[in-house]
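Engineer: output the structure for:
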Amino acid sequence: MKVRLSPQQISVVNHVDGPLLVVAGPGSGKTRVLTERIRSLLLNIPGHFRVLALTFTNKAADEMRERLADLGDAKQRTFIGTLHSFCTEMLAERGKLVGVTGMPNIFEQFKDRKDILLKAIEDDPLLKEEIDQEPDAKARGRRVDGWLQNISRIKAHPISCAMIDDELDQAVLEAYDAGLRSCNAYDFDDLLLLAYRLLSGNPKLADFYRRLYKFVCIDEAQDLNEAQYAVLCALCGDSFKNVLMVGDPKQSIYGFNTSSPEYMDRFRDEFGAKVIDLTENFRSSKAVVEVARALDPKYLVAAQLPIDGEKQLLVGNDENDEAKLIADELQRLFKKGHRDVEGGIQPSKCAILGRTRFALLAVEKELRERKIPFYKRLTANHENESEAVDDFQLALRVVANPSDRLHFAAIAKKWKVKEPTGLPDSLAVLDSMAKSSPDTGERSGAVVRAIERIVRNSSRFDLMPAFDELKKYGDSLDENDRRAIYEDVTVFQQEWDQYLRAEGSLHTIAGFMSSKALGATQKATREGVALLTVHSSKGLEFDVVFVAGMAEGTFPDYRATGGRELQEESRNAFVAVTRSKRLLYLTYPQNRQMPWGDSRHQNPSRFLIKAGMATQ
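Structural biologist: Numbering: from 1, shown residues only. Sure thing, here's the model as predicted:
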């Protein structure tokens with residue numbers, strides 16, 4: 001497979017030994033150079049070694065795997081996936097040294113984590129006394145949410161927070177972790193924290209991984225946080241230097257998640273990395289690049305596409321009028337196309353981005369009313385519409401992890417029966433609970449039959465018979481309930497198919513549930529117009545992009561008051577604009593109804609003014 005590369009890209013692809021930092025602007029082909037470097041290493045460097053390629057999204061990992069699909073058996077010598085998935089696999093294989101036995105059961109949902117902490121508070125007299133000092137339920141809820149945030153902050157800083165000075169913080173963390181472990185469960189932060197402890201506390205094991213992976217590649221390095229950088233450093237030790245790091249400080253927008261482009265600088269200084277800048281833009285039209293450069297004058301473009309593209313400002317009287325203008329333009333583009341977009345313009349080539357979901361509410365309503373197809377989520381955390389499939393998902397969790405008392409209790413509450421006691425045979429307990437549930441007997445019975453179809457098949461783990469059982473139950477219901485079950489099962493089946501494609505030959509319930517929690521079972525592409533926040537659009541590209549709600553207080557967000565926050569808002573705007581390949585529309589409403597009912601006049605965003613598309 002012959003891929004055309006620029007001289008800048010060739011210098012990255014041909015780099016072999018030693019640390020390399022690649023500063024890659026938007027549209028500069030960073031995924032291409034990463035995959036072509038991996039291809040070059042596997043095909044041209046002699047020896048028995050593997051390449052570790054770590055990404056920040058499953059979509060990026062899927063794209064890299066697809067580009068390397070022609071490598072055949074050589075592709076088996078790579079691990080391409082998110083840092084969290086690599087840590088999960090490492091803990092599943094070697095985690096006994098830090099107390100992890102088998103595949104980690106991940107509590108990824110905020111509600112589950114909060115329930116664990118609430119139960120821990122109830123069981124701990126000190127914490128209960130502390131929380132009871134709050135004057136009312138809302139204040140207590142805010143305190144608990146604050147404790148959860150603090151737990152994440154501590155775990156995300158395994159070096160700077162290695163010693164916790166505050167006794168209450170220590171007590172909260174210990175109680176929370178004890179609650180998780182009593183359910184044989186871990187949260188996302190644990191995956192990185194325990195992987196760091198595993199590697200830093202066991203030098204021989206770290207050395208094994210260094211010998212296994214001769215080359216390490218890190219994508220989206222501007223999004224590293226302390227825990228992620230600590231895992232990398234523990235993996236590399238003092239001597240391993242064959243690390244390629246690719247990122248763009250101008251696209252660092254996850255500061256709220258403790259990430260920072262400073263780790264690119266630390267890598268350059270601490271590893272002594274050579275630096276290569278990729279300054280071409282092979283993605284965006286001249287119009288898009290012009291707006292991006294106005295937002296960040298330091299954005300240098302050495303070469304770009306000879307395509308004009310288009311930029312437009314749409315101003316609505318209010319958010320409903322703004323939504324109508326966007327929908328009108330979409331329908332015009334669907335009908336007439338544009339000279340700079342080959343093959344016509346379909347909904348899947350378009351995206352509408354907002355700084356927050358609030359900025360997109362009126363747009364969503366307008367798209368729905370006009371029956372313009374759209375999707376809102378790229379994550380695997382599909383919210384089930386049917387009770388039966390929701391129950392089935394909970395039942396899968398407890399079959400995978402019989403110690404999971406939290407989700408056993410959730411099923412018991414939904415089926416209106418007593419919580420099970422003792423360490424159960426999951427299927428037997430589910431069956432007993434279903435039989436004693438007069439209110440949900442048919443539904444719970446169908447769920448148990450679906451689980452039984454899985455568990456009784458000892459030769460291999462297969463979800464398809466369970467799906468058939470759920471649909472059979474759906475056939476007995478009215479049209480709306482039946483439709484909800486069929487739609488949920490379809491999503492579940494897509495996730496199951498994705499798991500089968502990605503995970504080789506060994507399939508388990510625990511493995512599937514972990515992949516689902518990590519987002520690895522999501523579909524890489526969706527049909528319809530993408531309706532996304534700027535953060536969830538990161539790494540994506542579309543021929544046509546609308547950035548809605550470009551007014552002061554919305555974009556930049558009203559909470560961004562200081563220099564650091566406003567700098568990140570500016571990077572958010574830069575990321576939003578550079579998602580566009582050809583046509584860019586920036587929109588805002590002159591008036592907006594606030595959540596509490598007041599109508600407020602809106603000034604155009606400072607970013608519109610900076611781009612020369614609006615006046616103050």
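Engineer: what average pLDDT does the host helix or strand of Arg592 get?
Structural biologist: Under DSSP states H and E, the secondary-structure element containing Arg592 is strand 580-593. Computed over strand 580-593, the mean pLDDT rounds to 94.
Engineer: so what does whatever helix or strand comes next after that strand touch, helix or strand wise?
Structural biologist: Using DSSP H and E, the helix or strand that directly follows strand 580-593 along the chain is strand 599-601. The contact analysis (3 or more C-beta pairs under 8 Å, 6 or more residues apart in numbering; DSSP states H and E) places strand 599-601 against strand 580-593. To be clear about C-beta, it is placed using only N, CA and C from the backbone, and glycine gets the same treatment.
Engineer: what pairs with the strand it packs on, parallel or antiparallel?
Structural biologist: When pairs are called by DSSP bridges, strand 580-593 turns out to pair with strand 310-318 (parallel), strand 542-548 (parallel), strand 599-601 (antiparallel).
Engineer: please identify the most buried of these.
Structural biologist: strand 542-548 (a mean of 26; mean count of other C-beta atoms under 10 Å).
Engineer: can you report how many residues lie near Gly27?
Structural biologist: Residues contacting Gly27 under the criterion other C-beta atoms under 10 Å number 22.
Engineer: no no, Ala576
Structural biologist: Counted with other C-beta under 10 Å, residues neighbouring Ala576 total 31.
Engineer: still on that earlier bit, mean pLDDT lowest where, among the strands paired with strand 580-593?
Structural biologist: Going by mean pLDDT, the lowest-scoring of the strands paired with strand 580-593 is strand 599-601, which has a mean of 88.
Engineer: can you name the element that comes right after that one?
Structural biologist: Following strand 599-601 in sequence, per DSSP H and E, is helix 606-610.
Engineer: that older thread, how about the strands paired with strand 580-593 in TSV, adding distance to Phe461?
Structural biologist: Putting the strands paired with strand 580-593 into TSV (distance: least, C-beta to C-beta, whole Å) gives the following:
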stretch	distance to Phe461
strand 310-318	51
strand 542-548	37
strand 599-601	55
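Engineer: report the contact partners of Ser432.
Structural biologist: Pro420 (C-beta atoms under 8 Å, 6 or more residues apart in numbering).
Engineer: dump the helix or strand it falls within to CSV, restricted to CA.
Structural biologist: Following DSSP H and E, the helix or strand that holds Ser432 is helix 426-435. Taking C-alpha atoms only, helix 426-435 is exported to CSV below (Å, rounded to 0.1, in the frame of the first residue of the first chain):
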residue,chain,number,x,y,z
SER,A,426,-26.1,-15.3,40.3
LEU,A,427,-28.5,-17.2,37.9
ALA,A,428,-30.2,-19.1,40.8
VAL,A,429,-30.7,-15.9,42.8
LEU,A,430,-32.0,-14.0,39.7
ASP,A,431,-34.5,-16.9,39.1
SER,A,432,-35.7,-16.8,42.7
MET,A,433,-36.1,-13.0,42.6
ALA,A,434,-38.1,-13.2,39.4
LYS,A,435,-40.4,-15.9,40.7
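Engineer: quick one: low-confidence parts of the chain?
Structural biologist: For the chain, residues meeting the criterion pLDDT under 70 lie at 1-3, 253, 256, 302-303, 377-383, 422-424, 502-505, 522-526, 595-596, 616.
Engineer: which residues are contacting the longest helix anywhere in it?
Structural biologist: Counting residues, the longest helix in the chain under DSSP state H turns out to be helix 479-502. Applying C-beta under 8 Å, 6+ apart, the set of residues contacting helix 479-502 from outside is 380, 382, 384-386, 388-390, 393, 463-464, 467, 470-471, 473-475, 477, 507, 511-512, 515-516, 520-523.
Engineer: now, of the residues you listed, which are buried?
Structural biologist: 380, 382, 384-386, 388-390, 393, 463, 467, 470-471, 473-474, 477, 507, 511-512, 515-516, 520-523 (16 or more other C-beta atoms under 10 Å).
Engineer: and the strands paired with strand 580-593: which comes nearest Cys236?
Structural biologist: strand 542-548 (36.6 Å; C-beta to C-beta).
Engineer: contacts for the very next helix or strand once past that closest one?
Structural biologist: Past strand 542-548, heading to the C-terminal end, the next element that is a helix or strand (DSSP H and E) is helix 563-577. Around helix 563-577, the neighbours that count as contacts under C-beta under 8 Å, 6+ apart are 26, 250-253, 255, 288, 291-292, 295-296, 299, 353, 355, 534-535, 537-538, 545, 547, 555-557, 559-560, 584, 605, 607.
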